[in-house]
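[1] Please find the sequence and the predicted model below.
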Amino acid sequence: MTTLWHNAKIATMTRATAWGLIERGAIVTDDASIIWVGAEAECPAELMSHITVRHDLERALLTPGLIDCHTHLVYGGDRAKEFELRLQGASYAEIAHAGGGIRSTVLATRRADDATLFKTGCARARLLMAEGVTTLEIKSGYGLTQLDEARMLRVARLIGEALQITVRTTYLAAHALPPEFDGRADDYIDALNDWMTALNAESLIDAVDGFCEHIGFTPSQTRRVFARAQHIGLPVKLHAEQLSDQSGAALAAEFNALSCDHLEFLSAHGVQAMQNSGSVAVLLPGAFYFLRATQLPPIQALRDAGVPIAVATDHNPGTSPCLSPLLMLNMACTLFRLTPEEALRGMTVNAACALGLAATHGTLEMGKRADFAVWDVDHPHELAYWFGHNPCRHIVTGGKMRER
Ligand code: DI6
Ligand code: FE
């Protein structure tokens, strides 16, 4: 089915001009693919003669569908009590050491049945979609047994199928040490590496992640996880330098990581390693804000080095219970001083790179997937400007208009 989407302002997010902006633009899709994008007046007559469906977008703004490239969307329970403890002065690390934090969500996730994980995960994904998201990464990491990690990854795949969005799954068993392995972190790495091989054989894993931190795993343990991932052909990414400098980004860069995420404590050496490996820097203003962090990621150094910058919600119950990608665009500007265009590139083209989807997602170009968001604004910089207001009219995934 050949479809025309016209009478729109289009922010293609290609590099040609600022925002890749086309003032009076049109897009032609053939089923799930974009087959033409340009000024409406220049659409070839031959192509127009094949159009079977037309959508008049009434001067709306069209952007690529937003890509939330870092989420922990599937889990049981919540951590609102822990939020109160932190407000009374307890730190995230203290709560983790006392057995709370990630471990408490692990217990709640193990207790939740598949139907509950699916239902709550879908509800959260729908809220992201309501603000323009058409592609989503979902990490495991709250199961921490082979069975429970598998359940999380299967639920993540099912969410993608049920909601007709692109979901990329990331295996994050190296998130925290489960109680069964207390005092035996290296044995746990052996175990999770074997689960990785088994779950990969079931095609449940698109990438492998870890939490390299004083309250997580050491660089040498992380290295062993990455070595297994590399051995079985899976790309890696890393929660790096969130609370301290562990040289995690440099380690991840050795394995040509798709991305290094958080990066508040990233050193100049880490920036250089990322520049050399081409890894994307994924900034997570929600976690920065919610933890009331003060150490800013080295934004200007990343810019100067030409490291692509992405922005994501980091949705998780502990450090970023955020379901608003638009608020993250705003906070990327107010807290991290990105420009509105950098922020939107961070949730489109650069987020696609962070997921290994650059060839198919993230810009509005011929040959790419027909995933876009339709907005009631005059100019794309407004997407990072308003907060607490959602101008998303609807999304289109795989060439199909989705009702809200
Ligand atoms: N860093 C984070 O911000 C999340 N995971 C991680 O490694 C937090 C996860 C949680 O607190 O439940
Ligand atoms: Fe995270």
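    That came in fine, so what should we check first? Ligands and ions are numbered 1, 2, ... in the order given.
[2] From now on I want contacts and neighbour counts done on CA atoms only, so please keep to that.
    Noted.
[3] How about the residues of the stretch 51-200 of the chain by ligand 1?
    Contact residues (C-alpha under 6 Å from any ligand atom) of the stretch 51-200 of the chain with ligand 1: 101-102, 175.
[4] ok, and the most crowded of the residues you listed?
    Of all these, the highest neighbour tally under other C-alpha atoms under 10 Å goes to residue 175, namely 24 neighbours.
[5] That one reaches residue 214, doesn't it?
    No. Residue 175 is beyond contact range of residue 214, at 11.7 Å (criterion: C-alpha atoms under 8 Å).
[6] Go through the residues of the stretch 51-200 of the chain next to ligand 1 and name the one nearest residue 11.
    Distances from residue 11 to these, taken as C-alpha to C-alpha, are shortest for residue 175 (36.9 Å).
[7] The nearest residue to that closest one once chain neighbours are set aside: what secondary structure?
    Of all residues not flanking residue 175 in the chain, residue 211 sits nearest, at 5.0 Å (C-alpha to C-alpha, 6 or more residues apart in numbering). When classified by DSSP: H, G, I helix; E, B strand; the rest coil, residue 211 comes out as strand.
[8] hmm, who's touching the helix or strand containing residue 198?
    Assigned by DSSP states H and E, residue 198 falls within helix 185-201. Residues outside helix 185-201 that contact it (C-alpha atoms under 8 Å, 6 or more residues apart in numbering): 144-146, 150, 171, 173-174, 177, 181, 205, 221, 224-225, 228-229, 232.
[9] just the buried members of those?
    Applying 16 or more other C-alpha atoms under 10 Å to the contacts of helix 185-201, the neighbour count classes 144-146, 150, 171, 173-174, 177, 205, 221, 225, 228-229 as buried.
[10] Near residue 42, how many other residues are there?
    By the criterion of other C-alpha under 10 Å, residue 42 has 10 neighbours.
[11] Identify the residues contacting it.
    No contacts exist for residue 42 under C-alpha under 8 Å, 6+ apart.
[12] Just give the nearest non-adjacent residue to the residue nearest the centre of the chain, would you?
    Nearest to the geometric centre of the chain sits residue 69, at 1.3 Å (C-alpha atoms, centre = their mean). In space, and not counting its chain neighbours, residue 69 is closest to residue 137: 5.0 Å by C-alpha to C-alpha, 6+ apart.
[13] Send me the helix holding residue 198 as CSV with only the CA atoms.
    Extracted C-alpha coordinates of helix 185-201, given in CSV (Å, rounded to 0.1, in the frame of the first residue of the first chain):
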residue,chain,number,x,y,z
ALA,A,185,30.7,-12.5,42.8
ASP,A,186,33.2,-14.3,40.5
ASP,A,187,31.1,-17.5,40.6
TYR,A,188,28.1,-15.4,39.7
ILE,A,189,29.9,-14.1,36.7
ASP,A,190,30.6,-17.7,35.6
ALA,A,191,26.9,-18.5,36.0
LEU,A,192,25.5,-15.4,34.2
ASN,A,193,27.9,-16.0,31.3
ASP,A,194,26.5,-19.5,30.9
TRP,A,195,22.9,-18.2,31.1
MET,A,196,23.9,-15.6,28.4
THR,A,197,24.9,-18.4,26.0
ALA,A,198,21.7,-20.3,26.7
LEU,A,199,19.4,-17.3,26.4
ASN,A,200,21.2,-16.1,23.2
ALA,A,201,20.5,-19.5,21.7
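[14] Give me the domain ranges for this structure.
    2-64+362-403, 66-354 (automatic domain parsing).
[15] tell me the average confidence for the last one?
    Throughout domain 66-354, pLDDT has a mean value of 97.
[16] so the closest residue to residue 392 other than its chain neighbours bridges to which residues?
    Spatially, and ignoring its direct neighbours in sequence, residue 392 is nearest to residue 375 (4.5 Å; C-alpha to C-alpha, 6+ apart). Under the criterion DSSP bridges, residue 375 forms beta bridges with residue 61, residue 392.
[17] Remind me which helix or strand the residue of the stretch 301-404 of the chain found nearest ligand 1 belongs to.
    When scored by C-alpha to the nearest ligand atom, the stretch 301-404 of the chain has residue 318 as its residue closest to ligand 1, at 3.6 Å. For residue 318, there is no host helix or strand (DSSP H and E).
[18] Likewise for residue 108?
    Using DSSP H and E, residue 108 falls within helix 102-111.
[19] any idea how far that helix is from the chain center?
    When distances are taken as C-alpha atoms, centre = their mean, to the nearest Å, helix 102-111 is centred 22 Å away from the chain's centroid.
[20] ok, now stretch 350-361?
    Worked out by C-alpha atoms, centre = their mean, stretch 350-361 lies 10 Å from the chain centre.
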